[in-house]
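# Provide a 3D model corresponding to the input given below.
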Amino acid sequence: MSKDDHIGRGEDGQSLEPAGKSAEAKPPSGPGQVSELQTGYRFSEVQSSLCRSEEERQLAAVMEIANVINSRLELEHILPAISRQLSRVIDYDIGCVAIYEKDENCLYIRHVIRKSGNSSGEDRYVPLDESNLIGWVAVNKKPILRTNIPSDMRFTEIMKEDNLMSDIVVPLITKDQLIGTVNIGRYRKERPFSEFDLELVKKFSQLTSIAIENSQLFRNIEDLGEKYRKLMNNATDLILLINFSGEIVECNKSTYDLFGYAPEEVIGKDFFLFTLPNRREIAKKSFYKILQGEVSHALEVPYLKKKGGVVYLEINASLMKVKGNPYVLVIAHDVTERKKLQEKITIQNRELKSINQKLMELDQLKSEFLGRISHELRTPLSIIMAYSGTLLEDDGEQITDDMRSEFLNVIENQSDKLLGLINDLLDLSKVEISETMLDVTPGSISEMINISVKLVEPFARQHNIEIKTDLDHEIPIIHFDALRFRQVCVNLLNNAVKFSEAGGSVTIKSQQTEKEVIVSVIDNGPGIEEEYIPTIFDNFTQINGGLARPSNGMGIGLKLVKHYVGLHHGRVWVESEKGKGSTFFFTLPKKLTKKEKVEEEVLSDS
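Numbers count the residues shown, from 1 in each chain. Next up, the predicted model:
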């Protein structure tokens, strides 16, 4: 297609001359020649003056558009300003701008302006193809001037309802990229646009292209900024940007929420703000390594919250440059709950390991116990059967009353021994109780000691032993398993009564320190030799220090005492001197131990 195809022609088929171009002047002739020359000179001066005025008006319009471009970046302000300035240098009836939408690969009509004030047609869709004039100009990136639209059948008219007679469409190009088109039109057939008008529109289109490009860049930057803000504010992970001096220059909402700080308390502060004091040197070294180009991946690190709590973060940090300046980008994931769960699992595994060890010890204890008790049970049973058989076979002539009484005493003593062995069997099953099976509730130590004394008093009266109490009633309510505590007290009191001389006394005493309660049972028995004290709480050890037991049973009672006290995280020991009696002590903590605190926190948080 030739240039003449791009630039339209008038109805008479003649090329239109640029506006302002005058016909060549001819020399005057005949009478009045001087007057005609003078008139010609005056006309030339006027014409020159008009050209200068036109140029000044064009320059003023261009300057005004440049000012708008420099001062405003929004299309809704720029396009009306360009339309106003263009109307100062070109008289047109309707004007609009078609903006190229790259994502949709089409154009949309923006800012329709008519002399009548009607703006209908805005946001109209324009296909990006050669079937319509605007699409053709956009595709070919070439301007078109049409001076007689009704006679031009090449294109489908986008705004046919306006019945335009002449129009100009100029592509908006910047850096060889399509921005859109500028479009103006006239209704009057007698005043079509000229090539001079086309050149003016082309000049204005250059400024318009720059203005629209700047506006689109500004909009893209705003969109990126909005996306960035949404990413920063909605990200569940913590995002921090730290400069090479270690100052926090930016962080997201999740960071403020997790650590409990306000933005003004964080921005510009050293990243040590979150670092535990004992980890600051490690944090410094890690930071400098990242500045040297090393990448930190998935490190679980504890950090300090504003109010003193500790959170665990999985850290990923890398070096990035902004305008040539180094920054450290930190993305952190809160793994505190996972860490607590891991600690809980660790505690449970440790407990299971402890329980398994105790079960193995118990299995060994049972094996040893069953091996010994089979003999121990056989002996009293054999004696009982022998004596009872003799009594049954007697016809009343061979066994005297004294012998009969002696036989019955032997049977009674062996029955007591057998009962003690059976009680040991029952007690052995209680060793299987673990810490998780305790029924810990708040209770009074003094109240439970008094209950234990009442349980043992009938046995003590049989041996003519008095049980005394010396209790500290100021001991506060503490947490313990009441049933196991009572069994510990009863076992110790029973042993003290068994090994005290008739007419003597046993004293149970309570006292307290800052962290624990101490209970002691004091007897006036034979005491324990020093060499046996370290093993007194072992299996099958009698409190007289030997395996030749003067009392019934196999010495499992003290093993239970040690086991139950240990489940409460208490201590148990004995102080004794041969011939001067013994004192057995055990303690219970007033408050939860460190281990229990960790467990309680894990359980409550989960």
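# surely residue 492 is within a helix?
Yes. Residue 492 forms part of a helix when assessed by DSSP: H, G, I helix; E, B strand; the rest coil.
# tally of neighbours for it?
The number of residues packed near residue 492 is 27, by other CB atoms under 10 Å. C-beta here means a position set from N, CA and C on the backbone, and glycine is covered the same way.
# skip the chain neighbours and tell me the closest residue to it.
Leaving out its chain neighbours, the residue that sits closest to residue 492 by CB to CB, 6 or more residues apart in numbering is residue 521, at 4.2 Å.
# how about the secondary structure of that neighbour?
At residue 521 the chain is in strand, as set by three-state DSSP.
# how many residues are close by it?
Residues lying near residue 521 (other CB under 10 Å) number 27.
# one more: the one 5 residues further on?
By other CB under 10 Å, 19 other residues sit near residue 526.
# list the contacts of it.
Listed by CB atoms under 8 Å, 6 or more residues apart in numbering, the contact set of residue 526 reads 499, 544, 578, 579, 581.
# after the longest helix anywhere in the chain comes which helix or strand?
If you go by DSSP state H, the chain has its longest helix at helix 336-393. Moving toward the C-terminus from helix 336-393, the next helix or strand (DSSP states H and E) is helix 401-430.
# so that following helix versus helix 336-393, what angle?
170 degrees (axes from the mean of the first three to the mean of the last three CA atoms, to 10 degrees).
# helix 401-430 packs against which elements?
If you count contacts as 3 or more CB pairs under 8 Å, 6 or more residues apart in numbering; DSSP states H and E, helix 401-430 packs onto helix 336-393, helix 557-567.
# average pLDDT across the shortest one?
For helix 557-567, mean pLDDT rounds to 87.
# domain assignment for this structure?
Here the domain parsing of the chain from automatic domain parsing is 4-19+40-220, 235-334, 336-432, 437-606.
# ranking those domains by mean pLDDT, which is last?
domain 4-19+40-220 (a mean of 77).
# starting at the chain centroid, how far to it?
Put simply, domain 4-19+40-220 sits 56 Å off its chain's centre (CA atoms, centre = their mean, to the nearest Å).
# now do stretch 348-364
Relative to where its chain is centred, stretch 348-364 has its mean C-alpha point 37 Å off (CA atoms, centre = their mean).
# turn the helices and strands packed on helix 401-430 into CSV, including mean neighbour count.
CSV is the format used below for these (neighbours: other CB atoms under 10 Å):
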stretch, mean neighbour count
helix 336-393, 13
helix 557-567, 20
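# can you list the ones you listed in JSON lines and add distance to residue 179?
Shown next, in JSON lines, are the helices and strands packed on helix 401-430 (distance: least, CB to CB, whole Å):
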{"stretch": "helix 336-393", "distance to residue 179": "52"}
{"stretch": "helix 557-567", "distance to residue 179": "82"}
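# which one of these lies nearest to residue 574?
With respect to residue 574, and counting by CB to CB, the nearest of the helices and strands packed on helix 401-430 is helix 557-567 at 8.7 Å.
# tell me what angle that closest one forms with helix 401-430.
Compare the direction of helix 557-567 with that of helix 401-430 by the same axes, to 10 degrees and you get 20 degrees.
# right, and residue 213 touches residue 178 too?
No. Contact criterion CB atoms under 8 Å: residue 213 and residue 178 do not qualify, at 10.8 Å.
# find the nearest non-adjacent residue to residue 150, please.
Looking at residue 150 with CB to CB, 6+ apart, the closest residue is residue 165, at 7.1 Å.
# ok, the one you found touching residue 148?
Yes. Counting by CB under 8 Å, residue 165 does reach residue 148; the two are 6.9 Å apart.
# would you list the domains of the chain in a markdown table and tack on distance to residue 228?
Output for the domains of the chain, formatted as a markdown table (distance: least, CB to CB, whole Å):
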| stretch | distance to residue 228 |
| --- | --- |
| domain 4-19+40-220 | 12 |
| domain 235-334 | 10 |
| domain 336-432 | 27 |
| domain 437-606 | 34 |
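# and of those, who's closest to residue 226?
Comparing these by CB to CB, domain 4-19+40-220 comes nearest, at 10.3 Å.
# who does the helix or strand containing residue 467 pair up with?
Using DSSP H and E, residue 467 falls within strand 466-470. Using DSSP bridges, the strands paired with strand 466-470 are strand 505-512 (parallel).
# and the contacts of the strand it pairs with?
With contacts defined as CB under 8 Å, 6+ apart, strand 505-512 is touched by 445-446, 449, 452-453, 460, 465-472, 474-475, 489, 492-493, 496-497, 500, 517-524, 590.
# just the pLDDT for residue 33.
pLDDT recorded at residue 33 is 46.
# just checking, what's the longest strand in the protein?
With residue count as the measure and DSSP state E as the assignment, the chain has strand 310-322 as its longest strand.
# and residue 282, how far is that from residue 299?
10 Å (CB to CB, to the nearest Å).
# now do the longest strand of the chain against helix 336-393, angle only.
Put simply, strand 310-322 runs at 150 degrees to helix 336-393, going by the same axes, to 10 degrees.
# what sits against the spatially closest residue to residue 205 that is not a sequence neighbour?
Leaving aside its sequence neighbours, residue 205 sits nearest to residue 170 (CB to CB, 6+ apart; 4.4 Å). Counting by CB under 8 Å, 6+ apart, residue 170 makes contact with 137, 143, 181, 182, 183, 198, 201, 202, 205.
# which of the residues you listed fall within strands?
In strands, judged by DSSP E, the following of those are found: 181, 182, 183.
# helices of this structure, residue ranges please.
Going by DSSP H, the chain shows helices at 3-6, 33-71, 75-89, 133-140, 195-234, 253-259, 280-291, 336-393, 401-430, 445-462, 482-498, 557-567, 594-605.
# who is residue 480 paired with across the strands?
Assigned bridge partners for residue 480, using DSSP bridges, are residue 441.
# what is the burial count for it?
23.
# against residue 535, how distant is residue 520?
Taking CB to CB as the criterion, residue 520 is separated from residue 535 by 20 Å.
# neighbour count: these two, which is higher?
Taking other CB under 10 Å, residue 520 and residue 535 do not tie; residue 520 has more neighbours (18 against 10).
# what bridges to the more buried one?
residue 509, residue 585.
# wait, isn't it in contact with residue 581?
No. The criterion here is CB under 8 Å, and residue 520 misses it with residue 581 at 12.0 Å.
# just want the most central residue of the chain.
Among the residues of the chain, the one closest to the centroid is residue 334, at 3.8 Å (CA atoms, centre = their mean).
# check contacts around that one.
Taking CB under 8 Å, 6+ apart as the test, what residue 334 contacts is 237, 238, 258, 311, 312, 313.
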